[in-house]
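Chemist: how would this look folded up:
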Amino acid sequence: MVSFDSERATSLSIEYRRRLAQNLDWSLSWFYEGDNRLIRRHGLASQVWAVKDFTDERLTLGFGVGAYCAVDRQAGHTPDGDRIISAIGTLTGSYRFDPQWSARISWNRIVTDYNRDTDVILGGIGYRF
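Modeler: The predicted structure is shown next:
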């Protein structure tokens, strides 16, 4: 099935992020990309990030790349869903408004080898410990 429209669905994610060096982060995320007529995918993504802190480390901008291991129930190759590995690239920004709490927005691009590339835009709250 092919679509030239922008499909929409509610997506969710939980992320663990760790600072490795001054301008280098690593993250492990669980994604649920939503359920529309073209995809129904969820899985784990691991990314390495180039990050830059601004305004006394309150604002952070970054770019991450990595792998996304997912199950796609709409790929159509097997009845139970196909397990796939895709590339993921993400632009992100966060603002720390408290020593422990921050807000983050991310634009994720998932690149597949079976014509189901997606953009997933997420916003949320983070807790630093």
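Chemist: For this protein, which residue occupies the most central location?
Modeler: residue 108 (4.8 Å; CA atoms, centre = their mean).
Chemist: and that one, what element?
Modeler: Secondary structure assigned from DSSP states H and E places residue 108 in strand 101-111.
Chemist: what are the pairing partners of that strand, and which direction each?
Modeler: strand 82-96 (antiparallel), strand 118-127 (antiparallel) (DSSP bridges).
Chemist: Just name the most buried of those.
Modeler: Most buried of the strands paired with strand 101-111, by mean neighbour count (mean count of other CB atoms under 10 Å): strand 82-96, with a mean of 17. Just so you know, the C-beta spots here come from the backbone N, C-alpha and C atoms, and that holds for glycine as well.
Chemist: May I have that one as CSV, with CA atoms only?
Modeler: Backbone C-alpha positions of strand 82-96 (Å, rounded to 0.1, in the frame of the first residue of the first chain) are rendered in CSV as follows:
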residue,chain,number,x,y,z
ASP,A,82,8.1,-8.5,10.9
ARG,A,83,11.2,-7.8,13.0
ILE,A,84,13.2,-5.1,11.3
ILE,A,85,16.3,-3.1,11.9
SER,A,86,16.2,0.5,10.6
ALA,A,87,18.3,3.6,10.8
ILE,A,88,17.1,6.5,12.9
GLY,A,89,18.3,10.1,12.9
THR,A,90,16.9,12.7,15.4
LEU,A,91,17.1,16.5,15.9
THR,A,92,16.3,17.4,19.5
GLY,A,93,16.2,20.3,21.9
SER,A,94,15.7,20.5,25.6
TYR,A,95,15.2,23.2,28.2
ARG,A,96,16.0,22.6,31.9
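Chemist: distance between that strand and the chain's centre?
Modeler: 3 Å (CA atoms, centre = their mean, to the nearest Å).
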